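Participant: What would the 3D arrangement of this be:
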Amino acid sequence: MNFTQWIETLQTQPLYAAFVVLGLSVIAFVIFRYLVARWFMGMARRSANKYDDILMKYMKPYRVAWLAPLIVIHLAAGLFPEYQVVISKVALFLILWLSAITLVSILNAINVIYESRPNYKGVSIAGYLDIGKILVMAVALILSITLITDKSPTVLLTSLGAMAAVLLLIFQGTILSLVSSIQIAANDLIKEGDWIEVPSYDADGDVVNINLHTIKVRNFDMTYTIIPTDKILDVSFRNWRGMVESGGRRIQRSVLLDQTSVQFCSLEMMRELQKIDLLADWLAEKITALEAYASEHHDHYDLPLDGPQVTNSEIYRTYIEAYLKKRPEIHSENLPFLVRTLAPKPDGLPIELYVFTKTTKWEEYEAIQSSIFDHLLAAVHVFGLRVFQEPTGLDFREGVKARG
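Facilitator: The predicted structure follows:
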């Protein structure tokens, strides 16, 4: 009996044919499940490359092995003439959706592989891969309808043209998100790992994920804020990436001096302050200039307004500049470096520091800033100055005691 005669015999004996098809399906499944799939999994584990491990994890070869028996059933559908169409369609339907799920899993693996590269810079492709997933599912859906109705995909797509307005309405959010994702990527507005502030969404933290529809931000209080991708371009947000890339983080804070403590310095006071190493050379020039002026105009020299007088606030400001330039954690050349006196305020005379640290790490930055101001506040009294502070209950109590 040749192969053709054997097939004809099976077609006349459905029960026998069913056992044959079942046996072949089991054999195909066992081969692909326990030999082929396991071999691929073993190769991935033994490989030093981590990318094939990620691919195997998401593709799930043991699940793909189910394609083998389904293909056998589809090819053997002719053995059951009365049920051939139904068996073939069911098998093709399962093959189609198993393949679609596998393709979506591969796209997920591609995203993980892309983001796990050593040179990954936070530019996400998740939005584009999401579009790919939608297209895969859309194609699978169209082919499924075609399979069930026996109509050409062209006819189906032509009929869908009349529903374009409805589809645009249904997929309005997806279309807007896609356009926003393209704009974000093209203009390099946000990347994963960026620190952003979005006040309208109460978000302040690191971007941990960007996909087609949402941007996920992990706030510094360890909560998460989810921002719709198509809304991020409609609101104001701040991206701190520029600060990180510059290698410096700004300190902009003031010491508020009691304005009544600001005064001209006598020569004796200046000579006493000259003992401070950071001020020695600068004060030596000031003292020399003042003595020269006094000698030249001795007949009408009137303290303290005549000559190049120096105030204790000026000396304090000069000390701050010299002190900051000696600190290795502060940029003194490549980035702005200012120590300035601002306009007097009801709460004191501000001596503002506008400088940049050489680190952008939050903990280190705060430690440097705290150390600087601890020192400057403690040094104020050396220059005959006082820090302005709102009066407290203790101040009033001490005043009452003094009058009593």
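Participant: Distance from the chain centre to stretch 271-279, please.
Facilitator: 48 Å (C-alpha atoms, centre = their mean, to the nearest Å).
Participant: That one: end-to-end distance?
Facilitator: For stretch 271-279, the separation between the terminal residues is 10 Å (C-alpha to C-alpha, to the nearest Å).
Participant: Shouldn't residue 255 be within a strand?
Facilitator: Yes: the secondary structure assignment for residue 255 places it in a strand, going by DSSP: H, G, I helix; E, B strand; the rest coil.
Participant: Quick check: next helix or strand after the longest helix belonging to the chain?
Facilitator: Of all the elements of type helix in the chain, the one with the most residues (DSSP state H) is helix 84-115. The helix or strand immediately downstream of helix 84-115 is helix 126-149, counting by DSSP states H and E.
Participant: From the contact counts, what lies against that next one?
Facilitator: With contacts defined as 3 or more C-beta pairs under 8 Å, 6 or more residues apart in numbering; DSSP states H and E, helix 126-149 has these neighbours: helix 84-115, helix 153-161, helix 172-186, strand 203-210. Every residue, glycine included, has its C-beta placed from N, CA and C.
Participant: and these, which is most packed in?
Facilitator: Between the helices and strands packed on helix 126-149, strand 203-210 has the highest mean count of neighbours, a mean of 19, where neighbours are mean count of other C-beta atoms under 10 Å.
Participant: buried set for the helix or strand following that one?
Facilitator: Read in the C-terminal direction, the helix or strand following strand 203-210 is strand 214-219, with elements assigned using DSSP H and E. Of the residues in strand 214-219, 214-217 count as buried by neighbour count, 16 or more other C-beta atoms under 10 Å.
Participant: List just the nearest of the residues you listed to residue 94.
Facilitator: Nearest to residue 94 among the buried residues of strand 214-219, counting by C-beta to C-beta, is residue 214 at 32.1 Å.
Participant: Pairing partners for the closest one in the sheet, please.
Facilitator: Residues in a beta bridge with residue 214, per DSSP bridges, are residue 228.
Participant: Repeat that for the one 10 residues further on.
Facilitator: Each beta-bridge partner of residue 224 is listed here, defined by DSSP bridges: residue 218.
Participant: and it, how many residues sit next to it?
Facilitator: Other residues within reach of residue 224, judged by other C-beta atoms under 10 Å, total 12.
Participant: Please produce CSV containing the buried residues of strand 214-219, extended by distance to residue 15 and pLDDT.
Facilitator: Listed next are those as CSV, based on distance: C-beta to C-beta, whole Å; pLDDT from 0 to 100:
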residue, distance to residue 15, pLDDT
214, 55, 88
215, 59, 92
216, 57, 93
217, 63, 94
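Participant: The helices and strands packed on helix 126-149: lowest mean pLDDT?
Facilitator: Comparing mean pLDDT across these, the lowest value falls on helix 153-161: a mean of 64.
Participant: thought residue 226 was touching residue 213?
Facilitator: No: look at residue 226 against residue 213 with C-beta atoms under 8 Å: they stay out of range, at 9.4 Å.
Participant: more neighbours, these two?
Facilitator: Between residue 226 and residue 213, residue 213 has the larger neighbour count (other C-beta under 10 Å), namely 17 against 12.
Participant: ok, now which ones touch the more buried one?
Facilitator: The contact partners of residue 213, taken as C-beta atoms under 8 Å, 6 or more residues apart in numbering, are 130, 173-174, 177, 228-229.
Participant: Over stretch 19-30, what's the mean pLDDT, rounded is fine.
Facilitator: Per-region confidence: stretch 19-30 scores 84 on mean pLDDT.
Participant: how much space between residue 182 and residue 135?
Facilitator: 16 Å (C-beta to C-beta, to the nearest Å).
Participant: what residues go with each domain of the chain?
Facilitator: Under the assignment automatic domain parsing, the domains of the chain span 3-184, 189-239, 249-393.
Participant: how many other residues sit next to the closest residue to residue 110 other than its chain neighbours?
Facilitator: In this structure, residue 110 finds its nearest non-sequential neighbour in residue 129, 6.5 Å apart by C-beta to C-beta, 6 or more residues apart in numbering. Burial of residue 129, expressed as a neighbour count using other C-beta under 10 Å, amounts to 19.
Participant: Quick check, residue 129 in contact with residue 111.
Facilitator: Yes: the pair residue 129 and residue 111 qualifies as a contact (C-beta under 8 Å) at a distance of 5.2 Å.
Participant: Now do the SS call for the nearest residue to residue 235 once chain neighbours are set aside.
Facilitator: If the residues on either side of it in the chain are set aside, residue 235 comes closest to residue 200, at 4.5 Å by C-beta to C-beta, 6+ apart. Look at residue 200: counting by three-state DSSP, its state is helix.
Participant: Now for residue 200, how many residues are close by?
Facilitator: Using other C-beta under 10 Å, residue 200 has 12 neighbouring residues.
Participant: pLDDT score assigned to it?
Facilitator: Per-residue confidence at residue 200 stands at 92 (pLDDT).
Participant: Now do the same contact list for residue 98.
Facilitator: With contact set as C-beta under 8 Å, 6+ apart, residue 98 has these partners: 63-64, 66-67, 70.
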